[in-house]
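Undergrad: Build me a model:
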Amino acid sequence: MSIRSSVGRANQGGAVPRAFVLAFAHGGCWLAIISLLTLLLAGLGSRWGWWNFRSGFVLLAWGAYGGAAAASCGGAALLLIGLTRERAARTIVVAAAIGLLAGLVAFGIPWQWRRAAQRVPAIHDITTDPDHPPLFVAVLPLRAGAPNPPDYRGPEIAAQQRSAYPEIVPVFLKMPPDRAFALASAAAKGMGWQIVAEAPEEGRIEATDTTLWFGFKDDIVIRVTSSDGGSRIDVRSVSRVGRSDVGTNARRIDAFLKRVTSSG
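TA: Predicted coordinates:
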């Protein structure tokens, strides 16, 4: 006797299999919704100061676990529906599908984030000039008490950066420093950064960028200097918290430099 026949006959003779389908379908659907809300609140609660970002990471993990369980329940419900001979109500099928798909999303987001963290070094200070990185001045009071100090760690972090992000290099422009400074300033504002200070006489721009989900604050300093009759633009982006930035600072610098070169 096949599994399908067994389940089908049991379903005709009693309500147990149908109860299983309902439990898996509705349970998976609600669990997926709760898991997605947990993921959302994990970041927003940290951003709004409801809890520490480390507590947010714990909630993130539980949201992933819940997503995996929801996907399993939704998949089990769809499997039971396929094995039975009765035609299930559309609402049950929809609930099971939501549990499966939304559960996979709830599990997939933290899983992808974790994979991204494993592919890059656990560093949070990225610069186009590891030998002589741009220095913060106006941002320093804003970083008071931050777990990550503003001081550059030197050769150790420079070697890791060069290996992981070889594309992070200075930009050279065939224009005088004052024009390059104006271009860099416009690009920084176009990135949506909060400008902390601009010192044209020093060729220095300082800004802060806040990540969308967890609200992490990363500080940026831009340095514009003369070079071979043109200008050189260096950038440094440093996270205030967290050992690893999951590649965020490198992506930020790369996006900024591409904006500058495309505008110049």
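Undergrad: how close does the residue sitting nearest the centre point of the chain sit to Ala68?
TA: The chain has Trp113 as the residue nearest its centroid, 6.4 Å off, counting by Cα atoms, centre = their mean. Shown here: Trp113 relative to Ala68, a distance of 15 Å by Cβ to Cβ, to the nearest Å. Bear in mind the C-beta positions are built from the backbone N, C-alpha and C, glycine included.
Undergrad: Next: Ser35.
TA: With Cβ to Cβ as the criterion, Ser35 and Ala68 are 9 Å apart.
Undergrad: So these two - more neighbours on which side?
TA: Using other Cβ atoms under 10 Å as the criterion, Ser35 and Ala68 rank with Ser35 on top: 27 against 18.
Undergrad: For the host helix or strand of the more buried one, name the packing helices and strands.
TA: Assessed by DSSP states H and E, Ser35 sits inside helix 16-47. Secondary-structure packing of helix 16-47 (3 or more Cβ pairs under 8 Å, 6 or more residues apart in numbering; DSSP states H and E): helix 3-13, helix 53-83, helix 90-119.
Undergrad: Those: which one's closest to Arg143?
TA: Of all the helices and strands packed on helix 16-47, it is helix 53-83 that lies closest to Arg143, at 15.9 Å by Cβ to Cβ.
Undergrad: Check which helices and strands the closest one is in contact with.
TA: Packing partners of helix 53-83 (3+ Cβ pairs under 8 Å, 6+ apart): helix 3-13, helix 16-47, helix 90-119.
Undergrad: what's the angle between it and helix 90-119?
TA: Here the directions of helix 53-83 and helix 90-119 differ by 140 degrees (axes from the mean of the first three to the mean of the last three Cα atoms, to 10 degrees).
Undergrad: for the record, mean pLDDT for helix 53-83?
TA: Regarding helix 53-83, the rounded mean pLDDT is 94.
Undergrad: Show me which residues of that helix are buried.
TA: Neighbour counts over helix 53-83 (16 or more other Cβ atoms under 10 Å) mark 53, 56-57, 59-60, 63-64, 66-78, 80-81, 83 as buried.
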